[in-house]
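A predicted structure for the sequence below; I have some questions about it.
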Amino acid sequence: MSPPATTSAPSRPRGIRAQRLLDAIAGPHGLDRYLEQISPTLVIGECRAEIVAVERGSEDSVTLSLRANRAWRGLRAGQFVQVAVEIDGVRHTRCYSPASPEGSGRELEITVKRHPDGLVSNFLVDHARRGMVLGLSQADGDFHLPEKRPDSILLIGGGSGITPLMAILRTLCAEGHAGPVALIQYAPDPERTIYREELDRLAAANPNFTLTRSYTRAPGAGELDGHFSPTHLPQTDPDFTAAETFACGPPALLDAVRGTWANGLEQRLHVESFLPPTLLPADEPGTGSIRFAGSDLEIENSGASILEQAEQAGVPAESGCRMGICHTCTCRKLSGSVKNLLTGEVSATPDEEIQLCVSAPLSDLVIDL
Amino acid sequence: MSTTTESQIPLTPEQIESFGEELDAIRQRVLADRGESDANYIRKVIRAQRGLEVAGRGLLWAGVFPPAWVAGTAALSLSKILDNMEIGHNVMHGQYDWMNDPALSGKKFEWDNACPADQWRHSHNYMHHTHTNIVGKDRDIGYGVLRMSEDQKWKPYYLGNPAYATLLALLFQYGVALHDLEAERLASGEVKLADKRKLLAGIWKKVRRQTLKDYVIFPALSGPFFLFPLAGNATANLVRNVWSFTIIFCGHFPEGTHEFTEEETENESRGEWYYRQLLGSANLSGSRLFHILSGNLSFQIEHHLFPDLPANRYAEISAEVREICERYGIPYNVGPLGKQFGSVVKKICRLALPDRKSRAGDPVPVAEHSGEKERLPVAV
C-alpha cells in the first residue's frame, strides 16, 4: 500500500533543506565525488553498475550480469542503455539492449558480441570480470513492449539483436502472457546462436510460443535457411499482419523487414538498430551535413573547421585561441566522426568531447551546440 | 624590452620552423602515449586531495584541541593547494579531456577557489596562454594592479608596488576572481561597471558559496567552538593564496623572462609562438613533491609550450626541451624557488620606482642555465 500523500508532504522541505546543506558542504565538487572514493557505486547522482557475474557462452560473446546502483530507475522490456567502460584511461560508451525482463529491480543482463574491430566489444569479451564497475545511463528508447500488452506478438531478431527481444520474451513469460508469441531468430549457425538453450527451453515450456530459426551459414540446420525473406513469414504463427512486430538486428535485416511491412502495416512494426557512422569519401571532404542539436539547425558541411562553420551559421559557439590550445571551444559531439586537424586523430564514437576549432567533419555530425 | 618594438629573433626563419617542428614532435609523441598511467595519476592525486580535505575538516571540527587544529589546518591547506594547482588548474586546461570522464572534463570542472571556473577558463586558458607576456593583452602581467614590466609606463601610483603585491599575495584567490573585471580600465573609465554586471554576478555567486562553506557552515557544525574551524579555514585559504601567488609569479617574472609588445607578435608562426612561450616563462627546480604541490607549474616552460598535455608528463619532457633550447641557443630559465622568487621580489621593488634612463638598451642578463650571462636574443 502506498502512503497517503498528506503524510509525505511535510517531510519534503526538510529533505530539500538537507540536500541543500549537503550540496553546500560538498561544494564545489558535489557529494558524489567524495562518495565514490569509498566505493564507485555509492554515487547517488549518476548510474553505475557492478559486474556480478560473467558468462562466456562462446568465443565471440560474453553475457554480463550487472547490478546497478540506487540511481537506476529500471527499464521497459526492449529499451537500451549506454554502458561506459574505461580502456587505457579513456572512457568509451556503447549502447546495449539488456535482455533482462521488466521488474528485475537493479539486476540487468547484457550480452556483448565481439566485432572484429570493436574496441569495447573485444575488451569486454576478453577482460570483463566480476567486481568491475561500468558507467550506465538510464534506460532509453521507444522500442519496448507497450504498457498495454498486445495480444499476438511477432519477434524478429538477427545476431546480437536478439537481446531486446529476449527481454520482451522473458517479460511475457514471467507475466504468463496468454496470446500467441512467435520468434524468428537469425544466426550464422547453431554454435553462434545467442540464448539458444534458454530459447529452446522457453519454447518447450510455453505452448503459445513458437520458435523458428534460420541459419545463414548452415543450410538445413534450422527450420528456415538464409536471410530474411517474406516467405519466412507465413510458416510462422500468428499471422504477421495481425501481430505487433518487434525487429532488431543488422541494417540489412531491418531494411528487408521494413520493405515487407509497407502499405499501411508500418504502425504495427517496431525496429531497433544501432548504426555505425558512415564516413565521407576521403576525396570529398566538403560533403555531408552538420546538425547543431541545441540550436536545432542543420547545415551543409563546407569542409572548414566545425567552429568556423558554426560561426558562419550563426550558432553561438564559444571560442578562444583558434589553434587548439585553450579548449574554450571544446564541445560534445553527439554522433558522427571528426578528424583532429592538428593530430590527425579520428573521433568516431558518439558522445566524445572535441575541440571545434581544430576538428573537421568526416561524416554527418550532430554537435551539442 | 622597453624601448624597441622590433623583434630580433636570432634564428633564421628556417631554424624557427624546424625548432617548432621539433617541439610539435614532442607534443605528438606524448599525445599518442597518453593512457592508463596518466588516468591513474590524476585519480591518485584527487584521492589524496579528497582524503586530506575530509581529514582536515574533521580535525578542525574538533579544532578546540590544539593538535587537531594544527593537523587539520595543515591537511586543509594541502587539500586546497592540490585542488587548485595539480587538479583544478590542470583539469580546467583540458589536460584530461581525452579520458572522456565527465568528472574530469575541463569545461565542467569547478574548483575550491573564489574565482568561478568559467571565468578562469577565459582569463587564463585563453587570454593568458594565447597572449603570454604580451603587455596590454596578458592580464597576468600585474593583474591590473602591479607594475611587472618596464613596458608598463611608470606613474606615482606604482610607488605602492611592494604593498600591492603583498596584498595580492594574501588575497590571491580574490585577485584571480576579479581578474576579468579589469579594475584599472574601470578606474580610467575605459570600460563601464554596467558592462561587467554579468561577470560580477558570477563572481558574487561563487564567492558567496565559498564563504558560506568555509566561514559559516563548517564553523557552525562545531557549535560553541566555531572560532576554531573558522580560524583554521581562514588560515588554509591564506596558505593556499600565498603559495599559489608565489608559484605563479615565479612562472613569468623572474629576472630573464621577457615581455613582448603587440606589434612584435603580430602574424606569429607556430615556431615563433613557441619561442615567445619559452622566453616568457621560467621553471623552478625541486623535489617530486614540490612539483606536485606546484601543480607542475614548476615546469612553467613546458606548461606554456604544451598547456593541454597532462602535467605529470612535463618532468619527462623537460630534459628534451632543454636540450633543444641549448642546440638553438635559446635561454632556458630555471632555478630554485628561493632564487627565482627573490628576483621576482627585486623586480617588484625596482619597478615601483621610475626607470633609470640608462636602462633602456642595456643588455639584461639572461638566467642562467649554466651560470654564465648571455645577451638577450630579442630586442631589449
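Okay, I see it. Remember, it's a predicted structure, so these values are computed and weren't measured experimentally.

bridged to residue A:332, which residues?
Beta-bridge partners for residue A:332, by DSSP bridges, are residue A:353.

pLDDT score for it?
With respect to pLDDT, residue A:332 scores 90.

please apply the same query to residue B:323.
Model confidence at residue B:323, given as pLDDT, is 97.

repeat that for residue B:183.
So, for residue B:183, pLDDT stands at 81.

could you measure from it over to chain A?
Distance, residue B:183 to chain A, using Cβ to the nearest Cβ, to the nearest Å: 22 Å. The way it works is simple: take the backbone N, C-alpha and C, and place the C-beta from them, glycine included.

over to residue B:15?
Taking Cβ to the nearest Cβ, one finds residue B:15 at 21 Å from chain A.

need the contact list for the residue of the stretch 1-150 of chain A found nearest chain B.
Residue nearest to chain B within the stretch 1-150 of chain A: residue A:89 (3.3 Å; Cβ to the nearest Cβ). Residue A:89 sits next to B:34-40, B:98-99 when contact means Cβ atoms under 8 Å, 6 or more residues apart in numbering or on different chains.

show me which of those residues neighbour chain A.
Within the set of these, contact with chain A (Cβ under 8 Å from any Cβ of the partner chain) is found for B:34-40, B:98-99.

quick check: the closest residue in space to residue B:148 that isn't next to it in sequence vs residue B:135, distance?
Nearest residue to residue B:148, sequence neighbours excluded (Cβ to Cβ, 6 or more residues apart in numbering or on different chains): residue B:142, at 4.3 Å. In this view, residue B:142 and residue B:135 are 9 Å apart by Cβ to Cβ, to the nearest Å.

cool, and residue B:344?
17 Å.

go on, residue B:277?
16 Å.

pLDDT below threshold where in the stretch 51-200 of chain A?
For the stretch 51-200 of chain A, no stretch has pLDDT under 70.

next to chain B, which bits of it? Give me the list.
A:86, A:88-93.

just give me the closest of these to residue B:288.
residue A:89 (21.1 Å; Cβ to Cβ).

name the nearest residue to that closest one, sequence neighbours excluded.
In space, and not counting its chain neighbours, residue A:89 is closest to residue B:39: 3.3 Å by Cβ to Cβ, 6+ apart.

now the element after the host helix or strand of the one you found, going C-ward?
Taking DSSP states H and E as the definition, residue B:39 sits inside helix B:36-61. The C-terminal neighbour of helix B:36-61 among helices and strands, as given by DSSP H and E, is helix B:66-82.

packing partners for that following helix?
helix B:36-61, helix B:227-252, helix B:288-293 (3 or more Cβ pairs under 8 Å, 6 or more residues apart in numbering or on different chains; DSSP states H and E).

quick one: average confidence on stretch A:244-259?
91.

where do the contact lists of residue B:142 and residue B:135 overlap?
Listed contacts common to residue B:142 and residue B:135 are B:149, B:152; contacts here mean Cβ under 8 Å, 6+ apart.

what bridges to the closest residue in space to residue A:142 that isn't next to it in sequence?
Of all residues not flanking residue A:142 in the chain, residue A:270 sits nearest, at 7.6 Å (Cβ to Cβ, 6+ apart). For residue A:270, the beta-bridge partners are residue A:246 (DSSP bridges).

can you tell me which residues contact residue A:270?
Residues in contact with residue A:270, defined by Cβ under 8 Å, 6+ apart, are A:78, A:142-143, A:244-247.

okay, these in a markdown table with distance to residue B:334 and neighbour count next?
Shown next, in a markdown table, are the contacts of residue A:270 (distance: Cβ to Cβ, whole Å; neighbours: other Cβ atoms under 10 Å in any protein chain shown):
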| residue | distance to residue B:334 | neighbour count |
| --- | --- | --- |
| A:78 | 62 | 27 |
| A:142 | 61 | 9 |
| A:143 | 61 | 21 |
| A:244 | 73 | 18 |
| A:245 | 71 | 23 |
| A:246 | 67 | 25 |
| A:247 | 66 | 27 |
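
closest to residue B:203 among the residues you listed?
residue A:142 (44.4 Å).

what residues does the stretch 151-300 of chain B put near chain A?
So the stretch 151-300 of chain B meets chain A at B:209, B:212-213, B:217-218, B:270, B:273 (Cβ under 8 Å from any Cβ).

buried among the residues you listed? Make that a ChimeraX selection.
Command for ChimeraX, covering only those of those found buried under the criterion 16 or more other Cβ atoms under 10 Å in any protein chain shown:
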select /B:209,213,218,273
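
residue B:257 is in contact with residue B:343, correct?
No - look at residue B:343 against residue B:257 with Cβ atoms under 8 Å: they stay out of range, at 9.5 Å.

list the contacts of residue B:178.
By Cβ under 8 Å, 6+ apart, the neighbours of residue B:178 are residue B:203.

residues near residue B:296, how many?
Other residues near residue B:296 come to 24 when the count uses other Cβ atoms under 10 Å in any protein chain shown.

quick check: the residue lying closest to it once chain neighbours are set aside vs chain A, distance?
Nearest residue to residue B:296, sequence neighbours excluded (Cβ to Cβ, 6+ apart): residue B:311, at 3.7 Å. For residue B:311, the distance to chain A equals 14 Å [Cβ to the nearest Cβ].

for the stretch 1-150 of chain B, what lies in contact range of chain A?
B:28, B:31, B:34-40, B:46-47, B:50-51, B:54, B:93-94, B:97-101, B:103, B:105-107, B:110-112, B:117, B:121-122, B:125-126, B:129-130.

if we use 7 Å, what do you get?
B:28, B:31, B:34-36, B:38-39, B:47, B:50, B:54, B:93-94, B:97-101, B:103, B:105-107, B:110-112, B:121-122, B:125-126, B:129-130 (Cβ under 7 Å from any Cβ of the partner chain).

picking that back up, and the least confident of the residues of the stretch 151-300 of chain B next to chain A?
residue B:270 (90).

contacts only, for that one.
By Cβ atoms under 7 Å, 6 or more residues apart in numbering or on different chains, residue B:270 lies in contact with residue B:20.

again, only using 10 Å
Contacts for residue B:270 were tallied using Cβ atoms under 10 Å, 6 or more residues apart in numbering or on different chains; they are A:323, B:16-17, B:19-21, B:23-24.

how close does residue A:15 get to residue A:23?
13 Å.

where do the strands sit along the stretch 251-369 of chain A?
A:269-272, A:289-292, A:297-300, A:330-335, A:338-340, A:346-347, A:352-355, A:359-361, A:365-367 (DSSP state E, counting those that start in this stretch).

tell me what the second one is packed against?
I take that to be strand A:289-292. Here strand A:289-292 touches strand A:297-300, helix A:306-312, strand A:330-335, strand A:365-367, going by 3 or more Cβ pairs under 10 Å, 6 or more residues apart in numbering or on different chains; DSSP states H and E.

hey, which of these is tucked in deepest?
Mean neighbour count (mean count of other Cβ atoms under 10 Å in any protein chain shown) peaks for strand A:365-367 among these, with a mean of 23.

mind checking how far that one is from the chain centre?
Put simply, strand A:365-367 sits 18 Å off its chain's centre (Cα atoms, centre = their mean, to the nearest Å).

please see if it touches chain B.
No - for a cut-off given as Cβ under 10 Å from any Cβ of the partner chain, strand A:365-367 has no contacts with chain B; the smallest distance is 13.8 Å.

now that strand: average pLDDT?
94.

need the contact partners of it.
A:277, A:288-295, A:298, A:301, A:306, A:309-310, A:315, A:317, A:331-338, A:350, A:354, A:356, A:359, A:361.

at 7 Å instead, please
Contacts to strand A:365-367, defined as Cβ under 7 Å, 6+ apart, come from residues A:290-293, A:306, A:331, A:333-336, A:338.

now swap in stretch B:292-300 and tell me
Stretch B:292-300 is contacted from outside by B:45, B:81, B:85-86, B:89-90, B:247-248, B:251, B:281-284, B:286, B:290-291, B:303, B:311-312, B:314-315, B:318, using Cβ under 7 Å, 6+ apart.

just the buried ones from these?
Buried by 16+ other Cβ under 10 Å: B:45, B:81, B:85-86, B:89-90, B:247-248, B:251, B:281-284, B:291, B:303, B:311-312, B:314, B:318, out of the contacts of stretch B:292-300.
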